[in-house]
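Chemist: Build me a structure from this.
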Amino acid sequence: MSPRKSPFFELRSGAVDTLLFVVKTTNLEEMRAELTRRFEATPEFFANDTVAIDVRRLAQSERVPLADIAKLLDSVRMRPIGVVADSTQQAWANEAGLPLLDARDPRASKGNGDEAGDAAGKTIAATGADTAAATGAAPVDGSAAREPEPSAAAEPVRIGTSSQTMVVDKPLRSGQRIYAKGDLVVLGMVSNGAEVIAEGNIHIYAPLRGRALAGVHGNHDARIFCTCLEPELISIAGIYRTTENPLPADVYGKPVQIWLDEEKLMIAPLRLT
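Modeler: Here you go, the predicted structure:
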């Protein structure tokens, strides 16, 4: 047998898809309060997800206690696997005992926060209150949601689809889940507890009362269109919002479009007449 081959194991290069916890502050207490606030409403959303601590947004003179951040992430059931740092930060980042990782996510790099990310661009922003403004739109705080995996509890719905667009012409009840490789068009109500997921855009011509996740493989140009917005959760490219914060009156229960502006969800009324 060749010494390079073994029936018991292999060592090979590869890439692992993981969340980036992008640190933007050195104030650990503010970080703890914000992380707790965000995950109390959805404690299972990131349960057992792996995460890399990304410190590249910090100023050159700033340092953070990485071991404490790792414990903080573990307290919300996330699993830190390493640290992403630039060349000037690696000396102190290595002191925490976590492996140094390489990430090619332009959205997480310093100086590139406004660039569109690729499929690896799933991030959680670790900062205080974020604010944004856009004409005619409501800014929404959010942090990245992972691409949902099928769960045993979710009842599958099999619908005929083309290579580009999936059309669902029936209401979705609680526990049902739809996943579209391209765009998704739903002609019936998405009930509480139901979930629609698409790699492209989502169009819902009925009330949305469950969860809608568009652009799940990092498509930051994806949008959600809905004729009646009453959701449990909305998300685009991992940036999400739950019902923890009430929607503004001018969009709740109204026809809307939802898109991503940098790292914020924007919601604006749709003029249908």
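
Chemist: tell me how far stretch 30-39 is from the chain's mean position?
Modeler: 16 Å (C-alpha atoms, centre = their mean, to the nearest Å).

Chemist: now stretch 76-92
Modeler: Computed by C-alpha atoms, centre = their mean, the chain-centroid distance of stretch 76-92 equals 19 Å.

Chemist: again with stretch 187-198
Modeler: For stretch 187-198, the separation from the chain centroid amounts to 18 Å (computed by C-alpha atoms, centre = their mean).

Chemist: Just the residues contacting that stretch, thanks.
Modeler: The contact list for stretch 187-198, computed with C-beta atoms under 8 Å, 6 or more residues apart in numbering, reads 147-148, 154, 166-180, 182-184, 186, 202, 204-216, 222, 232. To be clear about C-beta, it is placed using only N, CA and C from the backbone, and glycine gets the same treatment.

Chemist: switch to 6 Å and redo it
Modeler: With contact meaning C-beta atoms under 6 Å, 6 or more residues apart in numbering, stretch 187-198 is reached by 148, 169-180, 184, 186, 202, 205-214, 216.

Chemist: So how do I select the buried members of those residues in PyMOL?
Modeler: To isolate the buried ones among those in PyMOL, judged by 16 or more other C-beta atoms under 10 Å, type:
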select buried, resi 148+172+173+175+176+177+178+179+180+184+186+202+206+207+208+209+210+211+212+213+214+216
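
Chemist: Now, the contacts of stretch 187-198 that are in strands?
Modeler: 176-180, 184, 186, 202, 205-208, 211-214 (DSSP state E).

Chemist: Those residues: which two are farthest apart?
Modeler: The largest separation in the ones in strands among the contacts of stretch 187-198, counting by C-beta to C-beta, is between Y179 and P207 at 20.5 Å.

Chemist: residues near the closest residue in space to P207 that isn't next to it in sequence, how many?
Modeler: With C-beta to C-beta, 6 or more residues apart in numbering as the measure, C228 is the residue that lies nearest to P207, at 4.0 Å, once sequence neighbours are left out. C228 has 18 neighbouring residues, counting by other C-beta atoms under 10 Å.

Chemist: Ok, Q60 next?
Modeler: With other C-beta under 10 Å as criterion, Q60 counts 9.

Chemist: Check R57 too.
Modeler: Neighbours of R57 under the rule other C-beta under 10 Å: 19.

Chemist: leaving aside the residues next to it on the chain, what's closest to it?
Modeler: Excluding the flanking residues, the one nearest R57 by C-beta to C-beta, 6+ apart is K24, at 5.1 Å.
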